[in-house]
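J.: sequence plus predicted model, see below.
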Amino acid sequence: MKHLSILVLCLCVLAVSFAGEKKFGKKITLKEKTKISAIMANPEKYDGKKVLVEGPIIEVCKMRGCWIKLGSDKEFETMTFKVEDGVIVFPMVVKGKTAIAEGVVSVKTYTVEQLIEQGKERAKEQGEEFDPSSIKGPKAVIQIKGEGAIVK
């Protein structure tokens, strides 16, 4: 019972400490937002360009907090906002909140072997199973190399 009380107290303190806005990384400089769906529809147009996006945080890296997955304005579409390990660390409590995030769009095509390695790493991070046969061929991966974010 004593441990449960301590756990509840810690969770309450954590919840209170994260109320309102929380800034991560560099200060956001752009004013105009770009829709995630626009980037996904025409990634080559945005490749290498700095963008400001907004969306709900669907997922957070469980191991190092080094990425968040943002929901798009288009249903069932997401984009990863990846930061350098240790430069920004997103806590798990940001999941479900809204992020305004700035960074540079990166479009890379990965081989089957590279995708399998990434899949294994992500499965390890998330504590999930990974089936290498789910990779059917090379794939273009679109993400934002994160510089700064505001979570609210």
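T.: Right, received. Where do you want to start?

J.: so Met63 touches Glu125, yeah?
T.: Yes. Using CB atoms under 8 Å, Met63 is in contact with Glu125, at 4.2 Å. Where C-beta positions appear, they are placed from N, C-alpha and C, glycine not excepted.

J.: so the residue nearest to the spatial centre of the chain bridges to which residues?
T.: With distances taken as CA atoms, centre = their mean, Ile68 lies nearest the centre of the chain, 1.6 Å away. Bridge pairing for Ile68 (DSSP bridges) gives the partners Val60, Phe81.

J.: ok, now which ones touch it?
T.: Taking CB atoms under 8 Å, 6 or more residues apart in numbering, we find Ile68 in contact with 57, 59-61, 80-81, 90, 94, 99, 101, 149.

J.: reformat these as CSV; add neighbour count and distance to Gly119.
T.: Formatted as CSV, the contacts of Ile68 follow (neighbours: other CB atoms under 10 Å; distance: CB to CB, whole Å):
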residue, neighbour count, distance to Gly119
Ile57, 21, 22
Glu59, 14, 15
Val60, 19, 18
Cys61, 20, 15
Thr80, 18, 14
Phe81, 26, 19
Phe90, 24, 21
Val94, 19, 24
Ala99, 22, 25
Ala101, 27, 24
Ala149, 28, 25
